[in-house]
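*Asks:* Here you go, sequence then predicted model.
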Amino acid sequence: MIEILQKLSRCVECGKIDKASPYPPDMKGQDGADEIAKRALDEGVKPDEILEKALIPAMAAVGDRFSKKEIYVPQMLMAAKAMNGAMKHLKPFFQSGETKRRGKFIIGTVSGDLHDIGKNLVAMMIEGGGWEVIDLGVDVGTDKFIKAVDENPGAVIGLSALLTTTMENMKKTVVAIREKHADSKILVGGAPVTMDYCTKIGADFYSPDPQGAVNYLNSLVS
Ligand code: B1M
């Protein structure tokens, strides 16, 4: 069992999605995360073991290397895609409630802002960290965020903004969420956002990168 999980972990770390994927070149023609995750399930490995012992550590290593600038966006995207290749086999077990997630995370890019590459990376890393992610997309208005929190009490909320102009909308959304759900935990991020700004608008945490976001969420449930 350990061997198959190690293989799966390596596929995710290297961004090997499936057998057909030509990336990385030195793994061409080999099974990828897709086939290996399916095989692990067929061999009786539990979905939460696959998540906890292969996918989460692999994505944590990828996030760490990205934070240290040892790898860049393309490698992280490939790793996240490989993780998704494995996750598609695990999702039915999580959705049926047979396997527990660490919690729920609502994420969206704030109103007026269409940038979603960073937001998607954060969402994928957090999903890889064992959380259920509710992705509201881009240009998400305050009402849509509030509706999602109403429907998912206790979920952590993540707001992304890439434009200095839309940072103001981030503030409006934080204030509105606080009015209705005072105890919610709100995480903010995006290139122009800082810890100072996070404090100023009354959010709980700022992370400059996906791994910091995963660490923050995990700290809430540990
Ligand atoms: Co836009 N754009 N853009 N753009 N764009 C920037 C952001 C800009 C810096 C370019 C520039 O002028 N140098 C500039 C913003 C200036 C400012 O306000 N400070 C800008 C502008 C001005 C615009 C338009 C206004 C241009 C125009 O039309 N005149 C327009 C706005 C449209 C709109 O949103 N309403 C616009 C449009 C676009 C495209 C649609 C063409 C495209 C977006 C495509 C897409 O996202 N699907 C685009 C792109 C690609 C960029 C750049 C080139 C790249 C952004 C990106 O994806 N980076 C960008 C310039 C640049 O950054 N070099 C630029 C990679 C991504 C991985 O990083 O998003 O920072 P990032 O995410 C990071 C962290 O910030 C963090 O984790 C990620 C990974 O480390 N993070 C979080 C992000 N969200 C987080 C949330 C968290 C935690 C961490 O918790 C919840």
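*Replies:* Yep, that arrived.
*Asks:* Does the residue nearest to the spatial centre of the chain fall in a helix, a strand, or a coil region?
*Replies:* In the chain, the C-alpha nearest the mean C-alpha coordinate belongs to Ile126, at 2.5 Å (Cα atoms, centre = their mean). Following DSSP: H, G, I helix; E, B strand; the rest coil, Ile126 is assigned to helix.
*Asks:* Next one: it from the ligand, what distance?
*Replies:* 9 Å (Cβ to the nearest ligand atom, to the nearest Å). All C-beta atoms are positioned from the backbone trio N, CA, C, and that covers glycine.
*Asks:* Where does Ile106 fall, secondary structure wise?
*Replies:* With secondary structure defined by DSSP states H and E, Ile106 is part of strand 104-109.
*Asks:* for Asn120, that is, sorry about that
*Replies:* In the assignment (DSSP H and E), Asn120 maps to helix 117-128.
*Asks:* Show me what counts as buried in that helix.
*Replies:* Of all the residues in helix 117-128, those buried under the rule 16 or more other Cβ atoms under 10 Å are 118-128.
*Asks:* Kindly list the main-chain dihedrals of the closest residue to Tyr206 other than its chain neighbours?
*Replies:* Distance criterion Cβ to Cβ, 6 or more residues apart in numbering; nearest residue to Tyr206, sequence neighbours excluded, is Cys198 at 3.7 Å. Dihedral pair for Cys198: phi -60, psi -50, per degrees, to the nearest 10.
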